[in-house]
Each structure stands twice: as C-alpha cells, then as structure tokens.
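[1] Predicted model and sequence below, questions to follow.
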Amino acid sequence: VSIGDPSGYADAEKVRGVKSYFEARGYTLLISSDDAPGDIAATHMKSFLSRRIDGLIVMDAYRHIPDSCFRELSREGVPMGLVEREADDMAIPTVHVADRRGTAMAVAHLVEHGHQHIGFISGPMRAKPIEESLKAYQNAIVAAGIDFDQRYVAAGDWLPSGGYFGVGELLDRGIPLTAV
C-alpha cells in the first residue's frame with residue numbers, strides 16, 4: 001500500500017481495512033508513505049518492484065505520484081488499484097468514497113431539520129476529494145435556496161483537532177451557525 005498522507009485519519013482507516021483484509025488471506029502488507037514530491041514518490045513506487053510484490057494499492061489523493069510511474073508499473077505487469085485518485089488515460093481499477101453524495105445528503109438532512117446556517121470544515125484543500133466535497137456542499141446549499149457564503153467554509157485536516165479548530169474559526173467569524 002502506498003499512502004499519500006499518513007497523518008490523515010481517513011487514510012489511516014482505509015489502510016487498516018486493507019491490512020485486515022489481506023492479512024486474513026495470508027498476505028504481508030508493505031506500506032509506503034509517499035507525501036513527497038513526484039520524483040521521490042516515484043522512486044518509492046519503483047522500489048516496490050524490487051521486492052517482488054503481488055500487487056499495489058495506491059492512496060494518492062494529492063497526486064504526488066506521477067502518471068508516468070503508473071504506466072511503467074503497468075508495463076511491468078504489476079496489478080494495481082487506486083483509491084481516491086485516477087491515472088489519466090489508463091484503465092486502472094479505482095475506488096472513490098462517495099464524498100459528493102454523502103456531503104449532499106448531509107446538507108439536505110440538516111436543511112430538513114430547519115438549519116439554514118450550515119458550516120463546512122474541509123480536509124486539506126489540495127486533495128481532489130475535498131474539492132469535490134466542497135463543490136457538493138456549495139451545490140446542496142444553493143439547491144436548498146440558501147445563498148452560498150464562503151465565510152461558512154473553514155479548512156481542516158481530517159483529524160479531530162482539525163474539526164475542533166475549524167469550528168472555532170467559524171465561531172470567531174461572528175456568523176450565525178446552527179450546524180456544521
């Protein structure tokens with residue numbers, strides 16, 4: 001497993017799930033943190049080849065690993081799957097969390113319960129899933145007849161402390177807030 005940002009709670013939970021699944025089937029998991037720039041991340045990926053791996057699962061929402069690396073691994077016949085990332089112009093199986101749908105459902109649920117001042121605390125904005133969740137939040141707010149206001153958006157980091165500080169940031173703005 002190659003994970004883009006090991007500090008993210010969501011990614012850590014995904015790795016736990018993958019680890020549990022494959023260890024129950026007799027596999028040993030090699031885990032690499034590739035939160036480095038492209039060349040270093042590509043070097044980490046290529047090092048997997050020298051270890052005679054059976055396959056590769058890549059969690060790279062931040063796109064640290066260049067597509068050229070996936071092309072090379074594919075030419076070498078390495079089976080791989082991507083989580084929260086696509087490889088342009090390549091048919092690699094990909095799994096995405098339903099961030100957009102989940103965000104839209106959460107906003108709709110809050111609106112149904114009378115909330116009109118709904119905050120949004122994101123994960124790191126450099127991750128594509130977060131961009132998609134924020135867009136879903138904006139769309140759901142507008143669909144509910146509420147004007148989108150950027151002041152209701154705060155950056156977080158997927159950790160409980162990020163949520164705590166994000167709520168503090170929203171409250172410090174002095175805006176009416178009934179839900180986050």
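    Structure received. Residues are numbered from 1 along each chain as shown.

[2] The residue nearest to Arg173 when sequence neighbours are not counted - how many residues pack around it?
    Leaving aside its sequence neighbours, Arg173 sits nearest to Arg151 (Cβ to Cβ, 6 or more residues apart in numbering; 5.4 Å). C-beta: built from backbone N, CA, C; applies to glycine. Neighbours of Arg151 under the rule other Cβ atoms under 10 Å: 11.

[3] What score does Arg151 have for pLDDT?
    Listed pLDDT for Arg151 reads 97.

[4] Repeat that for Val180.
    Reported pLDDT for Val180: 94.

[5] And the residue lying closest to it once chain neighbours are set aside, how far from Val97?
    Leaving out its chain neighbours, the residue that sits closest to Val180 by Cβ to Cβ, 6+ apart is Gly119, at 4.1 Å. Counting by Cβ to Cβ, to the nearest Å, the gap from Gly119 to Val97 is 21 Å.

[6] These two: which is more packed in?
    More crowded of Gly119 and Val97, by other Cβ under 10 Å: Gly119, with 21 against 15.

[7] from what I can see that one touches Arg151, true?
    No: counting by Cβ atoms under 8 Å, Gly119 does not reach Arg151; the two are 9.1 Å apart.

[8] just to revisit the earlier point, could I get the pLDDT score of the residue nearest to Val180?
    pLDDT, Gly119: 97.
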